[in-house]
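> Below are the sequence and a predicted model for it; my questions follow.
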Amino acid sequence: MQGLTEVLFRRVYEECFPGAIPLAVSPFISLTHNLQFSKGKSLESLLADVLPENNNGSIPVVPQILGKETEEFVELGNILYDMGYGEVNWNIGCPMRAITGKHRGSGILPYPNEVKAVLEAVMPRLKPRLSVKMRIGLKSKDEIFALVPILNDHPLASVTIHPRTGRQQYTGVPDLETFGEVLPMIKHPVIYNGDICTVADIRRIKERFTSVADIMVGRGILYNPTLPLATANYQLPTKHFIRCLMEEIKATLPTEQSKIRKMKEYWSLVWKSLPISEIQAREVLRAQEFTVVDNLIDQLTQ
């Protein structure tokens, strides 16, 4: 979801479906060495997605931080607090190999002492509340059990768990057995995340795990943009939303090539909510000219 739940998407979604999603987590802000994020224009660039002035009319958002550099973590978190954010989220679930190899994202999960060191260094000096988004492990589902006592030692706002390992990426199925085993061990509110694509998925998780505090929808919101509305038995067509999203992309991005890339990035997921075939959808993805991509999407969302 990195780069997809950005402010452009959040603004359009809130405009089309006001109040349907009460809270979103931003794409992660990566920590850099030597506090580079706090120097001049790089700060504005790094924080563009969560700058308050850019989020007028957007879904309320919790900024997400990726990394383990404690000094940068504290300074960035406190900058975000001073911008008006009462909570930040620590991403220790990202499965991208380029990230996990540096003990970031889910790459830190096999090293409970590193998780402990970050929390012990950050929590006493962090102004906003801290929530955590994680997987059950990097290589093994058993890794999460060594982390539970460490998480319980700190006053976290919540813990969101995607019950896959980092090595699984998004393959296989979520490990609901492990999730159910670890759920009662965590003293913080636990949010479920993973393969929520239909109303039936939401009901299944809520019925099986009655103590879950909430459910986070990931890719499912792009497969089915009206999913949060459907849970309230109130559905609207997605065609209007897709057209609004594409119009915002065209109005916001500077070049035809950047517009094509972003339009295709969203289209590769949102087309599944339309009554069209995969063959029709792939015509858009194969097209190379901006006007062709634009016209095809317009035709398929009429």
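Nice, thanks for sending it over.

> got the contact list for Trp90?
Contact partners of Trp90, counting by Cβ atoms under 8 Å, 6 or more residues apart in numbering, are Gln64, Ile65, Phe73, Val118, Leu130, Ser131, Val132, Lys133. C-betas here are computed from N, CA, C, even on glycine.

> Which parts of the stretch 1-150 of the chain are helices?
7-16, 41-46, 70-82, 97-100, 112-122, 143-152 (DSSP state H, counting those that start in this stretch).

> among the ones you listed, which is the most enclosed?
Compared across the helices of the stretch 1-150 of the chain, helix 7-16 shows the largest average neighbour count, a mean of 20 (mean count of other Cβ atoms under 10 Å).

> mean confidence for that helix?
The predicted model assigns helix 7-16 a mean pLDDT of 94.

> Please save the CA atoms from it in PDB.
Output in PDB follows, covering the C-alpha atoms of helix 7-16 (Å, rounded to 0.1, in the frame of the first residue of the first chain):
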ATOM      1  CA  VAL A   7      -3.000  12.200   0.600                       C
ATOM      2  CA  LEU A   8      -4.200  12.400  -3.000                       C
ATOM      3  CA  PHE A   9      -6.200   9.200  -2.500                       C
ATOM      4  CA  ARG A  10      -7.400  10.200   1.000                       C
ATOM      5  CA  ARG A  11      -8.800  13.500  -0.200                       C
ATOM      6  CA  VAL A  12     -10.700  12.000  -3.100                       C
ATOM      7  CA  TYR A  13     -12.000   9.200  -0.900                       C
ATOM      8  CA  GLU A  14     -13.300  11.500   1.800                       C
ATOM      9  CA  GLU A  15     -14.900  13.800  -0.900                       C
ATOM     10  CA  CYS A  16     -16.700  10.800  -2.400                       C
END
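
> Contacts for that helix, please.
20-21, 24, 26, 48-50, 54-55, 57-59, 61, 221, 225, 236, 240-241, 244-245, 248-249, 252, 266.

> Now the buried members of those residues.
20-21, 24, 26, 49-50, 54-55, 58-59, 61, 221, 225, 241, 244-245, 248-249, 266 (16 or more other Cβ atoms under 10 Å).

> List the ones among those that fall in strands.
The strands, defined by DSSP state E, take in Ala24, Ser26, Val61 from the buried ones among the contacts of helix 7-16.

> Could you dump the residues you listed into a markdown table and include distance to Cys197 and pLDDT?
Output for those, formatted as a markdown table (distance: Cβ to Cβ, whole Å; pLDDT from 0 to 100):
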| residue | distance to Cys197 | pLDDT |
| --- | --- | --- |
| Ala24 | 17 | 95 |
| Ser26 | 22 | 94 |
| Val61 | 22 | 96 |
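
> wait, which of these is closest to Gly107?
Closest approach to Gly107 among these (Cβ to Cβ): Ser26, at 20.5 Å.

> Go ahead and confirm the closest one touches Pro60.
No. Between Ser26 and Pro60 there is no contact under Cβ atoms under 8 Å: 10.7 Å.

> Excluding chain neighbours, what is closest to Asp214?
Spatial nearest neighbour of Asp214, chain neighbours left out: Ile191 (4.7 Å); criterion: Cβ to Cβ, 6 or more residues apart in numbering.
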